[in-house]
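next one to model:
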Amino acid sequence: MEEHGAPKKSTGASGVTRIAGVDYGTVRIGLAVADMQMKIASPHATYVRCDAQRDAEFFRQFAAQEHIGRFVVGLPVHLSGRESATSTEVRKFGQWLHAETGVPVDFFDERFTTRDAEEALLSAGVTRKKRKSRIDKVAAQMLLDAYLQHRGPRTDPPKPLDD
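Alright, predicted model coming up:
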């Protein structure tokens with residue numbers, strides 16, 4: 001289901017810091033969440049962008065309700081590892097997200113996440129219509145899973161990759 005307003009209420013224990021994966025798009029933004037200790041990412045929502053004011057309100061509420069202590073924003077890079085032209089736009093979004101929520105933002109290589117999400121949904125027999133509404137949040141989950149695996153087991157919050 002696509003989210004157009006306030007984010008879902010947190011199902012986690014109050015006070016537990018969580019991390020959010022963000023699959024950036026100019027129309028839709030996929031979101032996934034994970035507990036920093038458990039290291040298990042779950043697709044959360046697909047947010048349909050409105051305007052700067054409503055987008056900011058959505059992300060402030062999302063960060064507060066879900067106890068987000070860090071955002072991980074997917075950074076589009078080429079196969080060579082070099083950043084793409086879209087990377088500049090994504091970095092600006094990450095700066096905006098941090099400014100609006102006060103939550104630290106990491107950027108992480110998102111190569112193949114959307115394609116992998118599409119393949120996973122196809123192999124699960126998800127219809128084309130349902131894939132469209134789920135692909136962004138599944139891509140965010142895959143991004144967050146890769147980030148958590150890359151960071152390795154830890155009990156303290158991860159430090160930013162891009163200082």
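
when you work out contacts or count neighbours from here on, use the C-alpha atoms and nothing else.
Fine.

doesn't F59 fall inside a helix?
Yes - when DSSP: H, G, I helix; E, B strand; the rest coil is applied, F59 is found to be in a helix.

looking at the protein, which helix or strand is least sure?
strand 2-3 (a mean of 42; mean pLDDT, DSSP states H and E).

pLDDT weak spots in the chain?
For the chain, the stretches with pLDDT under 70 are 1-16, 38, 78, 111-135, 152-163.

the helices in it, which residues?
Ranges of helices within the chain are 52-65, 85-101, 113-123, 128-151, based on DSSP state H.

so how far is L31 from D55?
Going from D55 to L31 by Cα to Cα, to the nearest Å gives 13 Å.

these two: which is more packed in?
L31 (28 against 18; other Cα atoms under 10 Å).

so what's that one bridging to?
Beta bridges link L31 to V22, A45, judged by DSSP bridges.

now it: how far from A85?
For L31, the distance to A85 - Cα to Cα - is 23 Å.

same question for T17.
Going from T17 to A85 by Cα to Cα gives 33 Å.

look at these two and report which has more neighbours.
Neighbour totals were compared for T17 and A85, and T17 leads with 17 against 11 (other Cα under 10 Å).

wait, doesn't that one sit right on F71?
No - between T17 and F71 there is no contact under Cα atoms under 8 Å: 11.4 Å.

now T101: closest residue in space that isn't a chain neighbour?
Nearest non-adjacent residue to T101, counting by Cα to Cα, 6 or more residues apart in numbering: R60, 5.1 Å away.

and for the one you found, the neighbour number?
Residues near R60, counting by other Cα under 10 Å, number 20.

can you tell me how far F93 sits from F71?
12 Å.

neighbour count: the two, which is higher?
Legend: neighbour count by other Cα under 10 Å for F93 and F71, higher for F71 (26 against 15).

tell me the contacts of that one?
19-22, 103-106 (Cα atoms under 8 Å, 6 or more residues apart in numbering).
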